[in-house]
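# Predicted model and sequence follow; I will ask about them next.
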Amino acid sequence: MQKHLDKVLNRCYFYLKQRPRTEREIYFYLYKKATKYKINQKDINNIILELKEKSYLDDKKFIDWFVSKRLSTKPKAAFIIKGELKRLGIKDDLINEYFEKNEVDELELATKLLAKVNRRFINLDVQKRKEKQYSYLLSRGFKYDDINKAVEEFNKNN
């Protein structure tokens, strides 16, 4: 039976090789594969426990990785990132703990984002450009006050 579980564990390693995962993602991955690999709830819990002991699963490290990745590639407001983390199965207390220790400067992030996408709006008149900038930042989940300051600051400097 151990050989059978080793095969499932190897599948988990392959799944984890693609990107870090949360405990919930691994649980549902194993749950979907349960009939194929003939494993039960106890086996799933044992596999998850073994992955945690070997430090392949750590939701705190996942949060750190996810937020840094999200802020560098597809910047969004902390509110949106928190929602994405919840959908991935991270507990609220871990999310709140992370964001209390690591504050996200949304004003600076919004200003950098405007600089990055400015070429999209460069040929528009001033009023239309501001409308597009506001709607773009709103779609990224930023607060209206931060958007207002970022747009004014950005357009004053450019």
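The structure has been received and is ready for your questions.
# Next, the contact list for the nearest residue to V117 once chain neighbours are set aside, please.
Sequence neighbours aside, Y136 is the residue nearest to V117 in space, at 6.4 Å (criterion: C-beta to C-beta, 6 or more residues apart in numbering). Where C-beta positions appear, they are placed from N, C-alpha and C, glycine not excepted. Residues near Y136 by C-beta atoms under 8 Å, 6 or more residues apart in numbering: L113, L114, V117.
# Including secondary structure, could those residues go into TSV?
TSV is the format used below for these (DSSP: H, G, I helix; E, B strand; the rest coil):
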residue	secondary structure
L113	helix
L114	helix
V117	helix
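# Can you select the buried ones from these in ChimeraX?
In ChimeraX, a selection of the buried entries from the contacts of Y136 looks like this (16 or more other C-beta atoms under 10 Å):
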select :113,114
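# Kindly reformat the contacts of Y136 as CSV containing pLDDT and distance to F99.
Listed next are the contacts of Y136 as CSV, based on pLDDT from 0 to 100; distance: C-beta to C-beta, whole Å:
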residue, pLDDT, distance to F99
L113, 92, 19
L114, 92, 23
V117, 89, 25
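# and which of the contacts of Y136 is nearest to E153?
Distance to E153, by C-beta to C-beta, is smallest for L114 among these, at 8.8 Å.
# State the distance from the closest one to Y134.
10 Å (C-beta to C-beta, to the nearest Å).
# Mutual contacts of those two, please.
Joint contacts of L114 and Y134 (C-beta under 8 Å, 6+ apart) are V151.
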